[in-house]
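**Q** take a look and give me a structure for this.
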Amino acid sequence: MSYLNFPIALLLLVLLAACSPAPNEGTTKPRVSEPEQRTVLAEESGLFQPVVVQELLDCQSTADMTVYCGYKNPEDLVALPDGKYLVVSEMAEFLTDAPGTLSLLNLDSGEREPLTVAWSQPASVRGDATCPAPDSAAFSPHGIDLTRLADGTLQLLVVNHGKRESVEFFEVTQSDENWQLAWQGCAIPPGDPFINDVAALKDGGFLVTHMWDKATAFDEVVRKLLSAEPTGWVYEWQREQGFNKVPGSNDLMPNGIAVSGDNTKIYVNIYFGDKTIRIDRSSGKREGEFTVQQPDNITVDDEGNLWVASHKNDPIGQTCALVTEGPCLLPYEVIKADPETMQAEVFLSQDGAPMGYATVALKVGDRLFMGSAHGDRVVSSPAY
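**A** The predicted structure is shown next:
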């Protein structure tokens, strides 16, 4: 890792986790939760912690960025084919699995709009035939991806943390210029995974990143990260074969994922490995990589360019816990990369208003849209 405080913070986290009593040790004190562990470490780190910035709550745009407010943690974005709307994944706070929602950003009005979801059982499912419908009240979206299948169906895939780790299938339709979703099935990875982002395949399958195993004690996860031991990998799911690990994908907390237009190349952000890698889907061979600090989501534009949202804060010693409204102003960069040469450049660097802690950068036309895992807004800036 390129930042000085990371090993120290991890050692502190190990000590904190080890000192938290287990439920069966005859004490009434519960084990400290993972978000609480991070908050304690942040408080003890001595590093800058973002707080509520009152003057930003009026959601005013700046000379360089347009602000779209009314969201809660708009962690991931995809563009609908009419070019007038984005689907927004409003994620619960990381590690809590509380309910979230899917919504729309109207690019003409700049306003947030609701996105209707029909949860009724479909006549035929597109996911695993044995996967039961989710608890819609607990639906907790994370990474999302949109694709047009061979039969013409427009399909949205959503990572869901609500009472289970699953990928949910939705058919996307438009009626009287209104977009809506209809649940079409799901697939649940084996074991007890903690999944993050999903990339749809044109044949109806998908790829999903598995960060670490939820059944593993968090102090053991931290020990592995400290020792540079892989904690996760990428799964490919196909209806007939189910879930299979993608060869060559084991690494330190795989995060964002995308595929090339022809579905032959896989691009994976390795969050704690400070890199983005390219894997040949047929052989599992790693063909290239570029260095980027804490890469979160990755998107592919119409020209095939890669866009990566990169965090520039200490991942353990700095959190957004004190930001109860408005944006969390942790610094970030947006990296643009050539998928063939894997040459990358910093396209945008932001440290301050009007938004921080960007988790996704999505190019739509001549604008670059960015969302965040903590905050009330999406922002856009020129993409040239």
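**Q** if I look at residue 187, how far off is residue 327?
**A** Residue 187 sits 34 Å away from residue 327, going by CB to CB, to the nearest Å. All C-beta spots, glycine's among them, are computed from the backbone N, C-alpha and C.
**Q** please apply the same query to residue 118.
**A** 33 Å.
**Q** of these two, who's got more company?
**A** Using other CB atoms under 10 Å, the more surrounded residue of residue 118 and residue 327 is residue 327, with 27 against 14.
**Q** list the contacts of the more buried one.
**A** Residues in contact with residue 327 (CB atoms under 8 Å, 6 or more residues apart in numbering) are 53, 56, 353-357, 372, 375-377.
**Q** can I have the buried ones of the residues you listed as a ChimeraX selection?
**A** Remark: buried members of the contacts of residue 327, expressed as a ChimeraX selection using 16 or more other CB atoms under 10 Å:
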select :53,56,353,354,355,356,357,372,375,376,377
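**Q** take the contacts of residue 327 and keep only those in strands.
**A** 372, 377 (DSSP state E).
**Q** closest one of the contacts of residue 327 to residue 291?
**A** Nearest to residue 291 out of these is residue 357 (CB to CB; 20.5 Å).
**Q** check contacts around that closest one.
**A** For residue 357, the contacting residues are 50, 311, 313, 320, 327-330, 332, 372-375, by CB under 8 Å, 6+ apart.
**Q** strands of the stretch 151-300 of the chain, residue ranges please.
**A** Along the stretch 151-300 of the chain, counting by DSSP state E, counting those that start in this stretch, strands occupy 154-160, 166-175, 178-187, 193-200, 206-213, 233-238, 242-245, 254-259, 265-270, 275-280, 286-291, 295-300.
**Q** what's the closest of those to residue 219?
**A** Residue 219 lies closest, by CB to CB, to one member of those: strand 206-213, at 12.0 Å.
**Q** so what strands line up beside that closest one?
**A** Next to strand 206-213 in the sheet, as set by DSSP bridges, lie strand 193-200 (antiparallel), strand 233-238 (antiparallel).
**Q** single out the most deeply packed of those strands.
**A** Among these, strand 193-200 has the highest mean neighbour count (mean count of other CB atoms under 10 Å), at a mean of 25.
**Q** show me where pLDDT drops low in the chain?
**A** Regions of the chain meeting the criterion pLDDT under 70 cover residues 1-43, 45.
**Q** so which residue is dead centre in it?
**A** residue 143 (4.4 Å; CA atoms, centre = their mean).
**Q** which ones are touching it?
**A** Taking CB under 8 Å, 6+ apart as the test, what residue 143 contacts is 75-76, 89, 158-159, 196-198, 208-209, 256-257, 297.
**Q** try residue 191
**A** 213, 215.
**Q** how many residues are close by the nearest residue to residue 48 once chain neighbours are set aside?
**A** In space, and not counting its chain neighbours, residue 48 is closest to residue 318: 6.7 Å by CB to CB, 6 or more residues apart in numbering. Here the count is done by other CB under 10 Å, and residue 318 has 24 residues near it.
**Q** what about stretch 290-303, how long is it end to end?
**A** 19 Å (CA to CA, to the nearest Å).
**Q** look up how far residue 210 lies from residue 327.
**A** On the measure of CB to CB, residue 327 and residue 210 end up 30 Å apart.
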